[in-house]
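Following is a predicted model, sequence given first.
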Amino acid sequence: MTENEIAKIVVDCCFKIHTTLGPGLFESVYEKALIYELEKRGLNFEQQKGIPVYYDNVKMEMGFRADIIVENKVILELKSQEVLAPVHSKQLLTYLRVTGLKLGLLINFGEALIKNGIHRIVNNL
C-alpha cells in the first residue's frame, strides 16, 4: 500500500470521526476513535511511539513521540486546537526527516470543517 493510499483511508476515517463527534473534544478522544477506525480497516499502526534521535553519534532514546505511525509509512500528528501554529507543520516535517518517512498528516480536529484541518506534509515524496 502506498503512502497516498494510506492517506486516503486516514482522511476518510477523519471525516467520519469529525462528522460524528464534531470539533472541540480532547485530542485523546480523537486519537482513540482514529485507532478504532484504523483497526476496523485492517491497517497496521503504532500508537504513541517513542522515536530516538541521534546527535553527533549520541543516541537520545526518545527524541519525540509520534502520535500514530500507519503501516510504517505515514506519521499522523493529531491536534484539537482552534488555530494551528506554524511550528506544528515544521515539527512534523522534522519528524519525517528523523524517521526517513515521506508523508505526514497534520490533523486538527478543532476546525469547524475537518477539510480545513488536514494538512499533508511531505519529505521527498
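Right, received. Where do you want to start?

what about the nearest residue to residue 41 once chain neighbours are set aside, distance to residue 101?
Among residues not flanking residue 41 along the chain, residue 9 sits closest, at 5.8 Å (C-beta to C-beta, 6 or more residues apart in numbering). For every residue, glycine as well, the C-beta is placed using N, CA and C. Distance of residue 9 to residue 101, computed by C-beta to C-beta, to the nearest Å: 16 Å.

Also residue 78?
Between residue 78 and residue 101 the computed distance is 16 Å (C-beta to C-beta).

more crowded one of those two?
Neighbour comparison, residue 78 and residue 101: the larger count goes to residue 101, with 20 against 17 (by other C-beta atoms under 10 Å).

Spatially nearest residue to the more buried one (excluding sequence neighbours)?
In this structure, residue 101 finds its nearest non-sequential neighbour in residue 75, 5.8 Å apart by C-beta to C-beta, 6+ apart.

And stretch 116-125, what's buried?
Buried positions in stretch 116-125, judged by neighbour count with 16 or more other C-beta atoms under 10 Å: 117-118, 120-121, 123.
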